[in-house]
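Engineer: Using only what follows, build the 3D model:
(one chain, ligands or ions: 1)
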Amino acid sequence: MGYVELNVLNNPAPSAAAGPLALGIDLGTTNSLAAAWRDGRPVVLRPEGRSGLVPSVIHFGEGGPPLVGREARDHAVVDPRNTLFSVKRFMGRGLADVAQELATLPYTATENERGVVQLEARGRRYTPEELSALILRKVHEVASSALGAAAPTKCVITVPAYFDDTQRQATRDAARIAGLEVLRIVNEPTAASLAYGLDQRDKGHVAVFDLGGGTFDVTILSIEDGVFRVLSTHGDTHLGGDDFDQRLAELARVALAAEHGDELVRDPAFQQAARQAAEHCKVELSTQPEAELHLMVPHKRIAWRRRVARDEFERLTADLVERTLAACRRALSDAQLQPTEIDEVVLVGGGTRMPVVRRRVAEFFGRIPHTELNPDEVVALGAAVQAHILTGGRRDMLLLDVTPLSLGIETMGGAVSKIIQRNSTIPCEATEGFTTYADDQTAIDFHVVQGERELARDCRTLGRFKLRGLPPMPAGMARVAVRFHIDADGVLSVSAKEQSTGVSAHIDVAPMHGLTDAEVEGMLQAGYAHAQDDFAARRAADLRTEIGTMIQATEKNLNAGRAGLDKESILDLEDALARAKVAAAGSDVAALQRARDEFERAALPLAALLMNNVAQKALMGKSLGEVG
Ligand code: AMP
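Structural biologist: Numbering: from 1, shown residues only. Here you go, the predicted structure:
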């Protein structure tokens, strides 16, 4: 039911001590992020209740300063020509180097008299350095608001190991334009290794496997007395998580082209919906044995669903994983090493959250890779370690203490929304958004639980609290940010705050490690043993909630929409509504699914009629979590 992206961050409580002296910045192709050294460890900098991640996207509007980050990304679909992304691919390059790249991107590029690429937006030309400077400035701004004071201008910036001198110089220039002082440019794989404290080994070999959204690389490093050396690097600048999405989107394309013709699948709204649905499904498959590919194009009267099992997804994408392993083989051969000579394997990039990637990489190198840190943050964290060392800081061995069990809250229907996953490094913090289920609901009960089971009744209760004083609002309108924070001592505090009114409530649960090892083990085993049954019970609970939301939305909107609908559609919808009510009383997953699908189809005409986004999505059975 969350509306905010879930972000698990290694973020300790703010300290009263003086702020950091330098930032570590991961200037990425799709996202950028800053981290800094605080309270004896590197932490990602993010303003309260928000992610620190800045999408590396710039939008030039009709007037005013350019938009950077999330707001800019929102314009990519409506105004692609004036929305620039993937700028990193052009850093320090000439037009001839990037001709292929340009063919796939929606914007125009030229070359200036010095052979530097310039990208065009709204009739003006910008060098990649200027554009990257805008991103860096935004990252600095986000860091300042996280720190509550102006962030330092000294920084360490990371670049891929394969960047040549010109590309590195272009990165330095971008920082200078942004008013930042670069202490050092560091290789991304080196930064990731630093984040794991691998520099503290006397000697050894590290493989860093980085699968991002659109790029893949693997780098073999040697360490000797704390100094890293790149032995080899291989990869594919056009292989990433997006390709995995494409395979799922293809399932939808083939099925819907057969049903509705080729014209539909060429529709940009369809393509966008397919991409989003595919990514959503892929991410869910990282934690669930099966997930739904759910695609809606209301103006075309299309609501399409298909369940995808993790096995099927892994078969569909097996060749992509093989390509990454082939690159590992080449990198090892260039470094003249055998897989057994690699002492540590580090995973970087969101794509490495896919279980199949973790499994295959572990098999390939014959050792379990490091996954304790968030793969999207590990490079920025390592840059912060380097920044700390360069400003005279000392660091002791990083202590990676982790939460033994997942923590979450009970949501509608008795399911558990896990907010901090087991094995997250502490201290850590995660925020997820929730909303109200009923109209005029003025209080929300929170039940905080611990465990791996899918239903709250099978987990251990850590505490309960109530958020009161919400103003009466329609269901789905409240914006309640629920924040879990575990400090370095393992004390969990949970707070809930409604964003528009500021009403809040909180509870401390201390200490979190109140369980013996045997109890933790028992709870983990119960999680595995009941995985199948739990999954069905959870599906039923979620489906009942989904149908409940659709029933409420239909009852609320049907009268208003009646005049605009033909008689047959109304009868259809009323019929489906009655049947959904019957089904919602049961717990048979197949019957619930059928009722939900029929209901969804019957509600399409009403959904297309309604302009209100929230009402439309609720009618379409979209979980409130996805209502933006
Ligand atoms: P990055 O460029 O490192 O931020 O990686 C982004 C890529 O990671 C995108 O393709 C995401 O869809 C993918 N990604 C993020 N989280 C997950 C997840 N839980 N499971 C699978 N892929 C993910």
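
Engineer: And this protein, split by domain according to the record?
Structural biologist: 23-240+319-401, 241-318, 403-519, 532-619 (automatic domain parsing).

Engineer: Now render these as TSV, adding distance to residue 525 and mean pLDDT.
Structural biologist: To be clear about C-beta, it is placed using only N, CA and C from the backbone, and glycine gets the same treatment. Listed next are the domains of the chain as TSV, based on distance: least, Cβ to Cβ, whole Å; pLDDT from 0 to 100:
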stretch	distance to residue 525	mean pLDDT
domain 23-240+319-401	19	92
domain 241-318	18	92
domain 403-519	9	84
domain 532-619	13	83
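
Engineer: Tabulate those domains (CSV), appending mean neighbour count.
Structural biologist: Formatted as CSV, the domains of the chain follow (neighbours: other Cβ atoms under 10 Å):
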stretch, mean neighbour count
domain 23-240+319-401, 20
domain 241-318, 18
domain 403-519, 18
domain 532-619, 18
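
Engineer: can you put those in a markdown table and add distance to residue 526?
Structural biologist: Formatted as a markdown table, the domains of the chain follow (distance: least, Cβ to Cβ, whole Å):
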| stretch | distance to residue 526 |
| --- | --- |
| domain 23-240+319-401 | 21 |
| domain 241-318 | 17 |
| domain 403-519 | 7 |
| domain 532-619 | 9 |
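
Engineer: CSV please, covering these and showing distance to the ligand.
Structural biologist: Below are these laid out as CSV (distance: least, Cβ to the nearest ligand atom, whole Å):
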stretch, distance to the ligand
domain 23-240+319-401, 2
domain 241-318, 2
domain 403-519, 10
domain 532-619, 18
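
Engineer: Now the nearest residue to residue 413 once chain neighbours are set aside: which helix or strand?
Structural biologist: In space, and not counting its chain neighbours, residue 413 is closest to residue 541: 3.7 Å by Cβ to Cβ, 6 or more residues apart in numbering. Following DSSP states H and E, one finds residue 541 within helix 531-562.

Engineer: Mind checking what helix or strand follows that helix in sequence?
Structural biologist: helix 567-584.

Engineer: Keeping just the C-alphas, turn that following helix into CSV.
Structural biologist: Backbone C-alpha positions of helix 567-584 (Å, rounded to 0.1, in the frame of the first residue of the first chain) are rendered in CSV as follows:
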residue,chain,number,x,y,z
LYS,A,567,-26.9,0.8,-20.4
GLU,A,568,-25.0,-2.4,-21.1
SER,A,569,-21.8,-1.2,-19.5
ILE,A,570,-23.8,-0.2,-16.4
LEU,A,571,-25.5,-3.6,-16.1
ASP,A,572,-22.2,-5.3,-16.7
LEU,A,573,-20.5,-3.4,-13.9
GLU,A,574,-23.3,-3.9,-11.5
ASP,A,575,-23.2,-7.5,-12.1
ALA,A,576,-19.5,-7.8,-11.7
LEU,A,577,-19.7,-5.7,-8.5
ALA,A,578,-22.2,-8.1,-7.0
ARG,A,579,-20.1,-11.1,-7.9
ALA,A,580,-16.9,-9.4,-6.5
LYS,A,581,-18.6,-8.9,-3.2
VAL,A,582,-19.4,-12.6,-3.0
ALA,A,583,-15.8,-13.6,-4.0
ALA,A,584,-14.3,-11.1,-1.5
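
Engineer: name the helices or strands packed onto the helix holding residue 541?
Structural biologist: If you count contacts as 3 or more Cβ pairs under 8 Å, 6 or more residues apart in numbering; DSSP states H and E, helix 531-562 packs onto helix 567-584, helix 589-609, helix 613-619.

Engineer: Which elements pack onto the first one?
Structural biologist: Helices and strands in packing contact with helix 567-584 are listed as helix 531-562, helix 589-609; criterion 3+ Cβ pairs under 8 Å, 6+ apart.

Engineer: if we look at it, which residues are touching it?
Structural biologist: Residues from elsewhere that reach helix 567-584 (Cβ atoms under 8 Å, 6 or more residues apart in numbering): 544, 547-548, 550-551, 554-555, 558, 562, 565, 591-592, 594-596, 598-599, 601-603, 605-606.

Engineer: run the last query once more with 6 Å
Structural biologist: 544, 547, 551, 554, 591, 592, 595, 598, 599, 602, 605 (Cβ atoms under 6 Å, 6 or more residues apart in numbering).

Engineer: The helix or strand hosting residue 429 - which strands sit beside it in the sheet, and in what orientation?
Structural biologist: Assessed by DSSP H and E, residue 429 sits inside strand 428-434. Partner strands and pairing direction for strand 428-434 (DSSP bridges) are strand 7-9 (antiparallel), strand 480-486 (antiparallel).

Engineer: now whichever helix or strand comes after that strand against strand 480-486, angle please.
Structural biologist: Remark: after strand 428-434, the chain's next helix or strand is strand 444-450, criterion DSSP H and E. Angle of strand 444-450 versus strand 480-486, following axes from the mean of the first three to the mean of the last three Cα atoms, to 10 degrees, is 30 degrees.

Engineer: quick one: strands adjacent to strand 444-450?
Structural biologist: Note on strand 444-450: by DSSP bridges, its sheet partners are strand 407-410 (antiparallel), strand 460-467 (antiparallel).

Engineer: give the contact list for the residue nearest to residue 413.
Structural biologist: By Cβ under 6 Å, 6+ apart, the neighbours of residue 541 are 413, 414, 415.

Engineer: Mind doing that once more with 7 Å?
Structural biologist: 413, 414, 415, 455 (Cβ atoms under 7 Å, 6 or more residues apart in numbering).

Engineer: Need the strands paired with strand 444-450 in JSON lines (columns: distance to residue 224).
Structural biologist: Putting the strands paired with strand 444-450 into JSON lines (distance: least, Cβ to Cβ, whole Å) gives the following:
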{"stretch": "strand 407-410", "distance to residue 224": "40"}
{"stretch": "strand 460-467", "distance to residue 224": "46"}
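
Engineer: nearest to residue 65, of those?
Structural biologist: strand 460-467 (37.5 Å; Cβ to Cβ).

Engineer: Run through who's touching that closest one.
Structural biologist: 443-451, 480, 492, 496, 498, 503, 505, 507, 509.

Engineer: now with 6 Å?
Structural biologist: 443-451, 496, 505, 507, 509.

Engineer: is it true that residue 274 touches residue 252?
Structural biologist: Yes - applying Cβ atoms under 6 Å, one finds residue 274 in contact with residue 252, separated by 5.0 Å.

Engineer: No further queries at this time; thank you.
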